[in-house]
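In: Next comes the sequence, and after it the predicted model I'd like to discuss.
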Amino acid sequence: MSGVTVTFGGLVALSDVSLSVAPHQVLGVIGPNGAGKTTLFNVACGFVAPDAGELRWRGEVLADLRPHRLAGLGIARSLQDLGLFDRMTVLDNVLVGAGRHVRTGFWPALLALPRHHRDERALTDRALAVLDELHIADVAGRYAASLPYPVRKRVALARALVGEPDLLLLDEPAGGLADDEMAEIGELIRGLTARTSVMLVEHHMDLVMSVCDDIVVLDFGRVIARGGPDHVREHPAVLAAYLGEDVA
Ligand SMILES: Nc1ncnc2c1ncn2[C@@H]1O[C@H](COP(=O)(O)OP(=O)(O)OP(=O)(O)O)[C@@H](O)[C@H]1O
């Protein structure tokens, strides 16, 4: 992202924000309430079009990014509202995220040709492997609605990962989790860097500090600090912005 500015009526939600995510890196975006984190996430997903600035992916300018184009670009996202289908099994929920890798076209699928079956089998195997990696393979056959929230979060993560994205966008991955669950999700995110880059937008300082290589701090829509965890933790502007907030 470079020079991204977003206004809502008279309110400047993001002002001239630039950042980049390097391959195999976890980039964290933090900031106090109303700093612009969700807006930035929505710009990265194509939900919100910036008033100024540009988005680039692998050197190409994304002139008109829309959410439905993300998968084709090799970008996946997992939202705060997990968007799982409650009346589908965990495995089927994950397969929904595999669209990018379905090779058979409409006719082979409709006619149920052998190639279609082979592709389906390969997808199912990959979905099960991702569930296993996230330690939830044992619930593959359960309905999503029947599972506790932290497990549902992992299902949403599995769905994002099964398309083998090169960039994963995570909105508040620690939201709604207890401390021990937060530590576990932190470890999982850290483990993803072998296969993908991650940009996470998060309110919890402690998670961000423990998993991110690089951190961008927003306040009132502006970048007030950036750098590694140690740099950001001690930065006077960050301390001032978070003053009065309950920061562990
Ligand atoms: N659709 C919208 N219309 C008008 N104002 C908006 C809209 N979305 C966000 N804002 C405003 O833009 C600013 C940034 O909001 P944003 O939700 O991006 O911040 P945030 O850092 O995600 O906050 P939080 O941590 O509370 O979720 C806020 O002042 C917010 O009220």
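Out: Sure thing, it's come through.

In: Restricting to C-alpha, output the biggest helix by length in the chain in CSV.
Out: Longest helix in the chain, counting residues (DSSP state H): helix 114-133. C-alpha atoms of helix 114-133 as CSV (Å, rounded to 0.1, in the frame of the first residue of the first chain):
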residue,chain,number,x,y,z
PRO,A,114,-13.3,-39.1,-13.8
ARG,A,115,-11.0,-36.0,-13.8
HIS,A,116,-13.6,-34.3,-11.6
HIS,A,117,-13.5,-37.1,-9.1
ARG,A,118,-9.7,-37.1,-9.0
ASP,A,119,-9.6,-33.3,-8.4
GLU,A,120,-12.2,-33.6,-5.6
ARG,A,121,-10.2,-36.4,-3.9
ALA,A,122,-7.0,-34.3,-4.1
LEU,A,123,-8.9,-31.3,-2.6
THR,A,124,-10.4,-33.3,0.2
ASP,A,125,-6.9,-34.7,1.0
ARG,A,126,-5.5,-31.3,1.2
ALA,A,127,-8.3,-29.9,3.3
LEU,A,128,-7.8,-32.8,5.8
ALA,A,129,-4.1,-32.1,5.8
VAL,A,130,-4.7,-28.4,6.7
LEU,A,131,-7.2,-29.4,9.4
ASP,A,132,-4.6,-31.8,10.8
GLU,A,133,-1.9,-29.1,10.8
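
In: right, and the helix or strand after it?
Out: Per DSSP states H and E, the first helix or strand lying C-terminal to helix 114-133 is helix 149-161.

In: Neighbouring strands - and their directions - for the helix or strand just after that next one?
Out: Per DSSP H and E, the first helix or strand lying C-terminal to helix 149-161 is strand 167-171. Strand 167-171 pairs in its sheet with strand 75-78 (parallel), strand 197-201 (parallel), by DSSP bridges.
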